[in-house]
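1. Below are the sequence and a predicted model; questions follow.
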Amino acid sequence: MDHQARLISLQGVLNQNRLDALLVSHLPNVRYLCGFTGSAGALLLTEKAAVFFTDGRYTTQARAEVRGARVVITRKASLAAAAEWIASRPGRVVSKGRCRLGVEGQYLSLEDCLQLASTVGSDFRVRPAPALVEEARTIKDSEEIERIRAAAVLAGSLFERILKVLRRGTTEAEVAAEVEYAARTAGAEGMSFSTIIVSGERSALPHGRPGNNPIQSNGFVVCDFGVILSGYCSDRTRTVYVGRPTREARRVYQAVREAQQAAIESVRPGRTAGEVDRVARKVLQGHGLGKYFTHSTGHGVGLEIHEAPRIAAGQSEVLQSGMVITVEPGVYLPGKWGVRIEDMVLVTEQGREVLAPSSTELIAV
Ligand code: ZN
Ligand code: ZN
(Lines give C-alpha, C1' and ligand atoms only; values in the text may rest on other atoms or scores of the structure.)
(Ligands and ions follow the chains in the order given, each with its own letter.)
Protein backbone atom coordinates (compact mmCIF):
# COMPACT_ATOMS: atom_id res chain seq x y z
CA MET A 1 0.00 0.00 0.00
CA ASP A 2 1.35 3.39 -0.96
CA HIS A 3 1.21 5.25 2.35
CA GLN A 4 3.53 7.96 1.10
CA ALA A 5 1.12 8.80 -1.73
CA ARG A 6 -1.81 8.94 0.71
CA LEU A 7 0.10 11.33 2.96
CA ILE A 8 1.18 13.55 0.11
CA SER A 9 -2.32 13.79 -1.31
CA LEU A 10 -3.73 14.76 2.10
CA GLN A 11 -0.97 17.31 2.69
CA GLY A 12 -1.86 18.78 -0.69
CA VAL A 13 -5.44 19.59 0.35
CA LEU A 14 -4.80 21.03 3.82
CA ASN A 15 -4.61 24.61 2.63
CA GLN A 16 -7.79 24.45 0.55
CA ASN A 17 -9.52 23.15 3.67
CA ARG A 18 -8.20 26.17 5.56
CA LEU A 19 -5.82 24.17 7.72
CA ASP A 20 -2.12 24.67 8.39
CA ALA A 21 -1.83 21.42 10.30
CA LEU A 22 -3.94 18.34 10.93
CA LEU A 23 -3.68 16.12 13.97
CA VAL A 24 -4.89 12.62 13.12
CA SER A 25 -5.72 10.62 16.24
CA HIS A 26 -8.36 8.12 15.09
CA LEU A 27 -6.30 4.92 14.83
CA PRO A 28 -7.88 3.54 11.62
CA ASN A 29 -7.06 6.89 9.99
CA VAL A 30 -3.51 6.75 11.37
CA ARG A 31 -3.14 3.24 10.01
CA TYR A 32 -4.50 4.22 6.62
CA LEU A 33 -2.08 7.13 6.29
CA CYS A 34 1.17 5.71 7.65
CA GLY A 35 0.73 1.98 8.23
CA PHE A 36 0.93 1.89 12.04
CA THR A 37 -1.25 -0.90 13.46
CA GLY A 38 -0.68 -0.41 17.21
CA SER A 39 -3.23 0.84 19.72
CA ALA A 40 -1.72 4.21 20.69
CA GLY A 41 -0.38 6.91 18.41
CA ALA A 42 -1.11 10.19 16.66
CA LEU A 43 0.01 11.59 13.35
CA LEU A 44 0.67 15.28 12.86
CA LEU A 45 0.64 16.64 9.32
CA THR A 46 1.57 19.99 7.94
CA GLU A 47 2.05 20.81 4.28
CA LYS A 48 5.70 19.80 4.55
CA ALA A 49 6.03 17.59 7.61
CA ALA A 50 4.57 14.26 8.73
CA VAL A 51 5.44 13.22 12.28
CA PHE A 52 4.13 10.16 14.06
CA PHE A 53 4.06 10.02 17.88
CA THR A 54 3.79 6.89 19.97
CA ASP A 55 5.10 5.54 23.27
CA GLY A 56 7.90 3.16 24.23
CA ARG A 57 5.75 0.03 23.91
CA TYR A 58 5.71 0.56 20.17
CA THR A 59 9.31 1.55 19.43
CA THR A 60 10.11 -1.55 17.37
CA GLN A 61 6.69 -1.82 15.78
CA ALA A 62 6.54 1.84 14.78
CA ARG A 63 9.97 1.72 13.17
CA ALA A 64 8.97 -1.40 11.24
CA GLU A 65 5.53 -0.25 10.14
CA VAL A 66 5.44 3.51 9.74
CA ARG A 67 6.03 4.77 6.20
CA GLY A 68 6.32 8.35 5.05
CA ALA A 69 6.40 9.94 8.51
CA ARG A 70 9.11 10.65 11.04
CA VAL A 71 8.69 8.55 14.21
CA VAL A 72 8.91 10.20 17.64
CA ILE A 73 8.82 7.94 20.71
CA THR A 74 7.47 9.77 23.71
CA ARG A 75 6.88 9.14 27.42
CA LYS A 76 3.68 11.16 27.28
CA ALA A 77 0.35 10.43 25.68
CA SER A 78 0.73 10.73 21.89
CA LEU A 79 -1.75 13.59 21.64
CA ALA A 80 0.02 15.65 24.29
CA ALA A 81 3.41 14.95 22.69
CA ALA A 82 2.11 16.07 19.29
CA ALA A 83 0.68 19.25 20.85
CA GLU A 84 3.99 20.08 22.52
CA TRP A 85 5.93 19.38 19.35
CA ILE A 86 3.85 21.76 17.27
CA ALA A 87 3.65 24.41 20.03
CA SER A 88 7.45 24.60 20.15
CA ARG A 89 7.71 25.13 16.38
CA PRO A 90 4.93 27.47 15.25
CA GLY A 91 7.32 29.15 12.80
CA ARG A 92 7.80 25.85 10.99
CA VAL A 93 4.09 25.72 10.23
CA VAL A 94 3.13 29.32 9.45
CA SER A 95 5.45 32.27 9.14
CA LYS A 96 3.03 34.74 10.68
CA GLY A 97 -0.48 34.85 12.06
CA ARG A 98 -2.30 32.15 13.95
CA CYS A 99 -1.85 28.56 12.89
CA ARG A 100 -5.05 26.70 12.06
CA LEU A 101 -4.76 23.27 13.66
CA GLY A 102 -7.43 20.78 12.60
CA VAL A 103 -8.40 17.93 14.90
CA GLU A 104 -10.71 14.96 14.47
CA GLY A 105 -13.43 16.39 16.68
CA GLN A 106 -15.75 13.41 16.42
CA TYR A 107 -13.19 11.13 18.03
CA LEU A 108 -11.75 13.42 20.71
CA SER A 109 -13.20 13.99 24.14
CA LEU A 110 -13.94 17.52 25.27
CA GLU A 111 -11.14 17.14 27.79
CA ASP A 112 -8.66 16.16 25.04
CA CYS A 113 -9.65 19.25 23.05
CA LEU A 114 -9.34 21.63 26.00
CA GLN A 115 -5.99 20.13 26.97
CA LEU A 116 -4.74 20.38 23.42
CA ALA A 117 -5.82 24.01 23.06
CA SER A 118 -4.13 24.93 26.31
CA THR A 119 -0.87 23.17 25.33
CA VAL A 120 -0.58 24.75 21.89
CA GLY A 121 -1.48 28.19 23.28
CA SER A 122 -2.76 31.31 21.60
CA ASP A 123 -0.59 31.00 18.47
CA PHE A 124 -2.93 28.26 17.35
CA ARG A 125 -6.60 28.07 16.56
CA VAL A 126 -7.81 24.52 17.19
CA ARG A 127 -10.82 23.58 15.11
CA PRO A 128 -12.62 20.44 13.94
CA ALA A 129 -11.30 19.34 10.56
CA PRO A 130 -13.55 18.02 7.78
CA ALA A 131 -13.54 14.22 7.40
CA LEU A 132 -10.72 14.26 4.84
CA VAL A 133 -9.22 10.88 5.74
CA GLU A 134 -12.60 9.15 5.93
CA GLU A 135 -13.40 10.50 2.49
CA ALA A 136 -10.12 9.23 1.03
CA ARG A 137 -10.72 5.85 2.65
CA THR A 138 -14.01 5.34 0.80
CA ILE A 139 -12.11 4.53 -2.42
CA LYS A 140 -10.18 1.31 -1.95
CA ASP A 141 -7.01 0.53 -3.90
CA SER A 142 -6.42 -2.89 -5.44
CA GLU A 143 -4.56 -4.25 -2.42
CA GLU A 144 -7.33 -3.15 -0.07
CA ILE A 145 -9.93 -4.74 -2.34
CA GLU A 146 -8.04 -8.05 -2.29
CA ARG A 147 -7.87 -7.98 1.52
CA ILE A 148 -11.58 -7.20 1.79
CA ARG A 149 -12.37 -9.92 -0.71
CA ALA A 150 -10.36 -12.44 1.33
CA ALA A 151 -12.22 -11.38 4.48
CA ALA A 152 -15.53 -11.81 2.62
CA VAL A 153 -14.52 -15.29 1.41
CA LEU A 154 -13.72 -16.31 4.97
CA ALA A 155 -17.08 -14.99 6.20
CA GLY A 156 -18.74 -17.03 3.45
CA SER A 157 -17.08 -20.22 4.70
CA LEU A 158 -18.26 -19.45 8.23
CA PHE A 159 -21.86 -19.65 7.11
CA GLU A 160 -21.22 -23.24 6.02
CA ARG A 161 -20.07 -23.88 9.57
CA ILE A 162 -23.23 -22.27 10.96
CA LEU A 163 -25.37 -24.61 8.88
CA LYS A 164 -23.57 -27.58 10.39
CA VAL A 165 -24.30 -26.57 14.00
CA LEU A 166 -27.52 -24.58 13.93
CA ARG A 167 -30.36 -26.88 15.02
CA ARG A 168 -33.44 -26.71 17.22
CA GLY A 169 -32.20 -26.94 20.81
CA THR A 170 -28.69 -25.47 20.25
CA THR A 171 -28.31 -22.08 21.90
CA GLU A 172 -27.62 -18.85 20.04
CA ALA A 173 -24.44 -18.43 22.10
CA GLU A 174 -23.21 -21.89 21.08
CA VAL A 175 -23.65 -21.10 17.41
CA ALA A 176 -21.91 -17.72 17.85
CA ALA A 177 -19.03 -19.42 19.71
CA GLU A 178 -18.62 -21.95 16.88
CA VAL A 179 -18.48 -19.17 14.30
CA GLU A 180 -15.88 -17.23 16.25
CA TYR A 181 -13.76 -20.32 16.95
CA ALA A 182 -13.84 -21.29 13.28
CA ALA A 183 -12.90 -17.74 12.29
CA ARG A 184 -9.88 -17.60 14.57
CA THR A 185 -8.61 -21.03 13.57
CA ALA A 186 -8.98 -20.03 9.91
CA GLY A 187 -6.64 -17.08 10.49
CA ALA A 188 -8.95 -14.17 11.31
CA GLU A 189 -7.43 -11.53 13.60
CA GLY A 190 -10.80 -11.21 15.24
CA MET A 191 -14.46 -10.65 14.47
CA SER A 192 -15.24 -7.33 12.82
CA PHE A 193 -18.11 -6.93 15.33
CA SER A 194 -19.78 -9.01 17.98
CA THR A 195 -21.44 -11.94 16.17
CA ILE A 196 -25.23 -11.70 15.96
CA ILE A 197 -27.13 -14.99 16.15
CA VAL A 198 -30.71 -14.26 17.17
CA SER A 199 -33.67 -16.58 16.90
CA GLY A 200 -37.44 -16.52 17.13
CA GLU A 201 -38.96 -13.32 18.54
CA ARG A 202 -35.45 -12.02 19.19
CA SER A 203 -34.65 -12.17 15.47
CA ALA A 204 -36.94 -9.14 15.22
CA LEU A 205 -34.21 -7.16 17.05
CA PRO A 206 -31.92 -5.96 14.24
CA HIS A 207 -28.90 -5.86 16.59
CA GLY A 208 -29.78 -8.43 19.25
CA ARG A 209 -27.10 -10.29 21.17
CA PRO A 210 -26.88 -14.08 21.19
CA GLY A 211 -28.41 -15.49 24.36
CA ASN A 212 -28.31 -18.79 26.19
CA ASN A 213 -31.83 -19.69 25.14
CA PRO A 214 -32.20 -22.82 23.01
CA ILE A 215 -33.25 -22.14 19.43
CA GLN A 216 -36.91 -23.12 18.95
CA SER A 217 -38.49 -24.48 15.83
CA ASN A 218 -40.87 -22.51 13.62
CA GLY A 219 -39.00 -19.26 13.39
CA PHE A 220 -36.14 -17.49 11.69
CA VAL A 221 -32.57 -17.18 12.96
CA VAL A 222 -30.69 -14.08 11.81
CA CYS A 223 -26.93 -14.73 11.52
CA ASP A 224 -24.86 -11.57 11.02
CA PHE A 225 -21.10 -11.94 11.25
CA GLY A 226 -17.77 -10.88 9.78
CA VAL A 227 -14.05 -11.15 10.34
CA ILE A 228 -10.98 -8.97 10.29
CA LEU A 229 -8.29 -10.29 7.99
CA SER A 230 -5.07 -8.34 7.36
CA GLY A 231 -6.74 -5.35 9.01
CA TYR A 232 -9.82 -5.33 6.78
CA CYS A 233 -13.38 -6.18 7.75
CA SER A 234 -16.11 -8.27 6.24
CA ASP A 235 -19.83 -8.29 6.98
CA ARG A 236 -22.48 -10.80 5.90
CA THR A 237 -25.97 -11.80 7.01
CA ARG A 238 -27.94 -14.91 6.20
CA THR A 239 -31.28 -15.81 7.76
CA VAL A 240 -32.33 -19.45 8.07
CA TYR A 241 -35.64 -20.99 9.09
CA VAL A 242 -35.86 -23.68 11.74
CA GLY A 243 -38.60 -26.14 10.86
CA ARG A 244 -41.03 -25.95 7.96
CA PRO A 245 -41.41 -22.35 6.74
CA THR A 246 -44.97 -21.04 6.85
CA ARG A 247 -46.44 -19.25 3.84
CA GLU A 248 -45.95 -15.91 5.58
CA ALA A 249 -42.32 -16.73 6.36
CA ARG A 250 -41.68 -17.61 2.71
CA ARG A 251 -43.44 -14.49 1.50
CA VAL A 252 -41.49 -12.14 3.77
CA TYR A 253 -38.19 -13.89 3.04
CA GLN A 254 -38.71 -13.63 -0.72
CA ALA A 255 -39.62 -9.93 -0.39
CA VAL A 256 -36.36 -9.19 1.47
CA ARG A 257 -34.43 -11.23 -1.07
CA GLU A 258 -36.05 -9.34 -3.92
CA ALA A 259 -35.28 -5.99 -2.23
CA GLN A 260 -31.66 -6.96 -1.73
CA GLN A 261 -31.29 -8.15 -5.32
CA ALA A 262 -32.86 -5.00 -6.74
CA ALA A 263 -30.71 -2.73 -4.56
CA ILE A 264 -27.53 -4.61 -5.53
CA GLU A 265 -28.43 -4.30 -9.21
CA SER A 266 -28.94 -0.55 -8.79
CA VAL A 267 -25.35 -0.07 -7.58
CA ARG A 268 -23.17 1.65 -10.15
CA PRO A 269 -20.84 4.66 -10.34
CA GLY A 270 -22.84 7.88 -10.49
CA ARG A 271 -25.77 6.58 -8.43
CA THR A 272 -26.25 8.24 -5.07
CA ALA A 273 -26.27 6.25 -1.86
CA GLY A 274 -29.82 7.50 -1.25
CA GLU A 275 -31.00 6.06 -4.59
CA VAL A 276 -29.77 2.57 -3.67
CA ASP A 277 -31.59 2.85 -0.34
CA ARG A 278 -34.75 3.94 -2.13
CA VAL A 279 -34.68 0.92 -4.46
CA ALA A 280 -34.62 -1.52 -1.51
CA ARG A 281 -37.32 0.40 0.35
CA LYS A 282 -39.60 0.59 -2.68
CA VAL A 283 -39.59 -3.19 -3.18
CA LEU A 284 -40.53 -3.76 0.46
CA GLN A 285 -43.22 -1.07 0.29
CA GLY A 286 -44.63 -2.87 -2.75
CA HIS A 287 -45.03 -5.95 -0.56
CA GLY A 288 -46.69 -3.90 2.20
CA LEU A 289 -43.61 -4.35 4.40
CA GLY A 290 -42.05 -0.89 4.15
CA LYS A 291 -42.76 0.09 7.74
CA TYR A 292 -40.99 -3.01 9.04
CA PHE A 293 -37.70 -2.06 7.35
CA THR A 294 -36.45 0.02 10.22
CA HIS A 295 -32.79 0.68 9.42
CA SER A 296 -30.70 1.97 6.54
CA THR A 297 -29.80 -0.22 3.57
CA GLY A 298 -26.07 -0.40 4.13
CA HIS A 299 -22.71 1.16 4.89
CA GLY A 300 -19.14 1.32 3.67
CA VAL A 301 -16.71 -1.33 4.95
CA GLY A 302 -12.92 -1.30 5.10
CA LEU A 303 -10.52 -0.82 7.99
CA GLU A 304 -13.67 -0.29 10.05
CA ILE A 305 -16.89 -2.24 9.97
CA HIS A 306 -18.98 0.90 9.59
CA GLU A 307 -17.45 3.65 7.51
CA ALA A 308 -18.46 6.08 4.79
CA PRO A 309 -20.58 6.12 2.70
CA ARG A 310 -23.86 5.53 4.51
CA ILE A 311 -26.43 3.89 2.25
CA ALA A 312 -29.46 5.58 3.72
CA ALA A 313 -32.49 7.68 2.81
CA GLY A 314 -31.57 11.09 1.45
CA GLN A 315 -27.81 10.45 1.29
CA SER A 316 -26.48 12.44 -1.67
CA GLU A 317 -23.01 10.89 -1.70
CA VAL A 318 -22.27 9.64 -5.21
CA LEU A 319 -21.03 6.06 -5.56
CA GLN A 320 -17.65 5.72 -7.24
CA SER A 321 -15.63 2.83 -8.55
CA GLY A 322 -13.53 1.37 -5.71
CA MET A 323 -16.10 1.85 -2.97
CA VAL A 324 -17.10 -1.20 -0.95
CA ILE A 325 -20.56 -1.11 0.61
CA THR A 326 -23.01 -3.53 2.17
CA VAL A 327 -26.55 -4.03 0.93
CA GLU A 328 -28.64 -5.38 3.80
CA PRO A 329 -32.36 -4.75 3.80
CA GLY A 330 -34.39 -6.41 6.54
CA VAL A 331 -37.96 -6.86 7.73
CA TYR A 332 -38.70 -7.17 11.45
CA LEU A 333 -42.14 -8.21 12.63
CA PRO A 334 -42.20 -7.36 16.36
CA GLY A 335 -43.11 -10.29 18.59
CA LYS A 336 -42.75 -12.69 15.65
CA TRP A 337 -39.39 -12.79 13.85
CA GLY A 338 -37.10 -10.91 11.49
CA VAL A 339 -35.30 -11.48 8.20
CA ARG A 340 -32.15 -9.78 6.90
CA ILE A 341 -29.90 -10.62 3.96
CA GLU A 342 -26.57 -8.85 3.60
CA ASP A 343 -23.72 -8.94 1.12
CA MET A 344 -20.71 -6.77 0.41
CA VAL A 345 -20.64 -5.07 -2.95
CA LEU A 346 -17.69 -3.51 -4.74
CA VAL A 347 -18.56 -0.59 -7.02
CA THR A 348 -16.75 -1.16 -10.34
CA GLU A 349 -16.34 0.90 -13.52
CA GLN A 350 -19.01 -1.27 -15.19
CA GLY A 351 -21.37 -1.43 -12.23
CA ARG A 352 -20.82 -3.73 -9.31
CA GLU A 353 -19.42 -7.00 -8.09
CA VAL A 354 -20.77 -8.93 -5.10
CA LEU A 355 -17.77 -10.03 -3.05
CA ALA A 356 -17.65 -13.78 -2.40
CA PRO A 357 -21.21 -14.28 -3.63
CA SER A 358 -23.25 -17.19 -2.30
CA SER A 359 -26.83 -18.36 -2.57
CA THR A 360 -29.52 -16.35 -0.80
CA GLU A 361 -32.22 -18.98 -1.30
CA LEU A 362 -34.29 -19.77 1.75
CA ILE A 363 -32.65 -22.52 3.79
CA ALA A 364 -34.62 -24.49 6.37
CA VAL A 365 -32.87 -26.65 8.96
ZN1 ZN B 1 -23.83 -7.24 9.18
ZN1 ZN C 1 -23.61 -4.42 7.87
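-> That came through, no problem. Ligands and ions are numbered 1, 2, ... in the order given.
2. E342 pairs with what?
-> T237 (DSSP bridges).
3. how much space is there between it and ligand 1?
-> Using C-beta to the ion, to the nearest Å, E342 is found at 5 Å from ligand 1. Bear in mind the C-beta positions are built from the backbone N, C-alpha and C, glycine included.
4. now the closest residue to G169 other than its chain neighbours, which residues is it bridged with?
-> With sequence-adjacent residues excluded and distances taken as C-beta to C-beta, 6 or more residues apart in numbering, G169 is closest to P214, at 5.0 Å. P214 has the following beta-bridge partners by DSSP bridges: T171.
5. ok, G226 - contacts?
-> By C-beta atoms under 8 Å, 6 or more residues apart in numbering, the contact set of G226 is A151, A155, M191, S192, F193, C233, S234, D235, R236, I305.
6. Also near ligand 1: which of those, exactly?
-> Residues of the contacts of G226 in contact with ligand 1 (C-beta under 5 Å from the ion): D235.
7. buried residues in the lowest-mean-pLDDT helix or strand in the chain?
-> The helix or strand of the chain with the poorest confidence is helix 90-93; it has a mean of 72 (mean pLDDT, DSSP states H and E). Neighbour counts using 16 or more other C-beta atoms under 10 Å place P90, V93 of helix 90-93 among the buried residues.
8. residues making contact with the helix or strand that comes right after that helix?
-> Heading C-terminal from helix 90-93, the first helix or strand you meet, by DSSP states H and E, is strand 99-103. With contacts defined as C-beta under 8 Å, 6+ apart, strand 99-103 is touched by 14, 17-23, 25, 86, 90, 93, 113, 116, 120, 123-130.
9. 7 Å instead?
-> Strand 99-103 has contacts (C-beta atoms under 7 Å, 6 or more residues apart in numbering) with 18-23, 86, 90, 93, 113, 116, 120, 123-129.
10. Now do the same contact list for the residue of the stretch 1-150 of the chain found nearest ligand 1.
-> Nearest residue of the stretch 1-150 of the chain to ligand 1 (C-beta to the ion) works out as I148 at 14.0 Å. I148 is in contact with K140, Y232, S234, V301, G302, V324, L355, counting by C-beta under 7 Å, 6+ apart.
11. 8 Å instead, please
-> K140, Y232, C233, S234, V301, G302, V324, M344, L346, L355.
12. and it, what pLDDT?
-> On the pLDDT scale, I148 is placed at 98.
13. would you say it is within a helix?
-> Yes. Under DSSP: H, G, I helix; E, B strand; the rest coil, I148 sits within a helix.
14. near ligand 1 too, which of the contacts of strand 99-103?
-> Of these, not one also sits near ligand 1 (C-beta under 5 Å from the ion).
15. Can you turn the buried part of those into a PyMOL selection?
-> A single PyMOL command selects the buried members of the contacts of strand 99-103 (16+ other C-beta under 10 Å):
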select buried, resi 19+20+21+22+23+86+90+93+113+116+120+124+126+129
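16. from the chain's centre, how far out does the least confident helix or strand of the chain sit?
-> 36 Å (C-alpha atoms, centre = their mean, to the nearest Å).
17. Just list the residues touching G208, thanks.
-> G208 touches I196, V198, R202, V222, counting by C-beta under 8 Å, 6+ apart.
18. thought the first one was touching V222?
-> Put plainly, it is I196. Yes. Proximity of I196 to V222 meets the contact threshold set by C-beta atoms under 8 Å, at 6.5 Å.
19. got any residues that touch both of the two?
-> Residues touching both I196 and V222 by C-beta under 8 Å, 6+ apart: G208, T237.
20. Stretch 317-331 close to ligand 1?
-> No. Legend: contact between stretch 317-331 and ligand 1 by C-beta under 5 Å from the ion is lacking; minimum distance shown is 6.0 Å.
21. end to end, how far does that stretch reach?
-> In stretch 317-331, first residue to last residue: 25 Å (C-alpha to C-alpha, to the nearest Å).
22. Could you look up the SS state of whichever residue of the stretch 251-365 of the chain sits closest to ligand 2?
-> Ligand 2 sits closest to T326 of the stretch 251-365 of the chain, with a gap of 4.2 Å, by C-beta to the ion. Secondary structure state of T326, per three-state DSSP, is strand.
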